[in-house]
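Asks: any chance you could fold what I've pasted below:
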Amino acid sequence: MRTLIVSVLCSLVFSAAVGCKSKIPEPEPLQPAAKKTEPSTSKPEPPAAATAAIPRAGWSEVSVENTLPLCVFADEREREQIEAVAQVKKQVLRPDQPVVFGVFAPRCISPDCEELAALQCSVERSGNMLRLQTSYRGFHKDGTTCRDQCRAARAGCASPVLESGEYTLEYGGTQIPLKIPSALNMPCFKRS
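Replies: Numbering: from 1, shown residues only. Down below sits the predicted model:
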């Protein structure tokens, strides 16, 4: 009996050993399932041009270009300290530094009266000519003059480094002489 058990066990071990040597077929790779397209429940994003529409009835678009109040600053630090044209003081322009231009919105911005307000400034140098471009775009609630929670809106842009010399600032159809170095007692133009 013992011999029979040993024989059966040897048979099983031998079968297992032989079976292990045979290669088990690899499963076939799964193919990706086709994507199901379900109807979207969200609304598509409107084109960029559509987002510039009047926020709601009773609001009008305000667009001002190249006629905004403009001031010349010795540097960005000087410009950042100013919230309104009336605060600007004498500026000393030095050679081999950029000149900073500051522009101000046509009125203070109140959340009850203005929406989507954007103020921009850029300057381009061509020889001794500095061409300044400014723009303000936003929406104003018709018939309102809000004073509560009113904040100044301002922006700035810097020229390239300017060497000593005489320059012409072209802004809104006006040419303004600018000398480096110099001290500007009245550094603001186009006051509104």
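
Asks: from here on, contacts and neighbour counts on C-alpha atoms
Replies: Noted.

Asks: what's the first helix or strand after the lowest-mean-pLDDT helix or strand in the chain?
Replies: Ranked by mean pLDDT, DSSP states H and E, the helix or strand of the chain with the weakest confidence is helix 2-21, at a mean of 38. Past helix 2-21, further along toward the C-terminus, the next helix or strand under DSSP states H and E is strand 59-65.

Asks: packing partners for that next one?
Replies: The contact analysis (3 or more C-alpha pairs under 8 Å, 6 or more residues apart in numbering; DSSP states H and E) places strand 59-65 against strand 129-141.

Asks: the strand it packs on: partners in the sheet, and parallel or antiparallel?
Replies: For strand 129-141, the pairing partners within the sheet under DSSP bridges are strand 59-65 (antiparallel), strand 114-126 (antiparallel), strand 165-171 (parallel).

Asks: distance from the chain centre to it, please.
Replies: With C-alpha atoms, centre = their mean, to the nearest Å as the basis, strand 129-141 stands 16 Å off its chain's centre.

Asks: using PDB, list the CA coordinates for that strand.
Replies: Taking C-alpha atoms only, strand 129-141 is exported to PDB below (Å, rounded to 0.1, in the frame of the first residue of the first chain):
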ATOM      1  CA  MET A 129      10.500 108.800 -31.000                       C
ATOM      2  CA  LEU A 130       8.500 107.100 -28.200                       C
ATOM      3  CA  ARG A 131       5.000 106.100 -29.300                       C
ATOM      4  CA  LEU A 132       2.600 105.500 -26.500                       C
ATOM      5  CA  GLN A 133      -0.700 103.600 -26.800                       C
ATOM      6  CA  THR A 134      -3.300 103.500 -24.100                       C
ATOM      7  CA  SER A 135      -6.800 102.100 -23.900                       C
ATOM      8  CA  TYR A 136      -9.600 101.800 -21.400                       C
ATOM      9  CA  ARG A 137     -12.500  99.400 -22.000                       C
ATOM     10  CA  GLY A 138     -15.300  98.600 -19.600                       C
ATOM     11  CA  PHE A 139     -19.000  98.800 -19.000                       C
ATOM     12  CA  HIS A 140     -20.800 101.500 -17.100                       C
ATOM     13  CA  LYS A 141     -24.300 101.300 -15.600                       C
END
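
Asks: what's in contact with it?
Replies: By C-alpha atoms under 8 Å, 6 or more residues apart in numbering, the residues outside strand 129-141 that reach it are 54-55, 58-68, 103, 105, 112-125, 159, 167-172.

Asks: downstream of it, the next helix or strand is which one?
Replies: Moving toward the C-terminus from strand 129-141, the next helix or strand (DSSP H and E) is strand 154-158.

Asks: can you list the neighbours in contact with that following strand?
Replies: Residues contacting strand 154-158 (C-alpha under 8 Å, 6+ apart): 76, 79, 83, 98-105, 119-123.

Asks: try 10 Å this time
Replies: 69-76, 79-80, 82-85, 97-106, 108, 118-124, 132-136 (C-alpha atoms under 10 Å, 6 or more residues apart in numbering).
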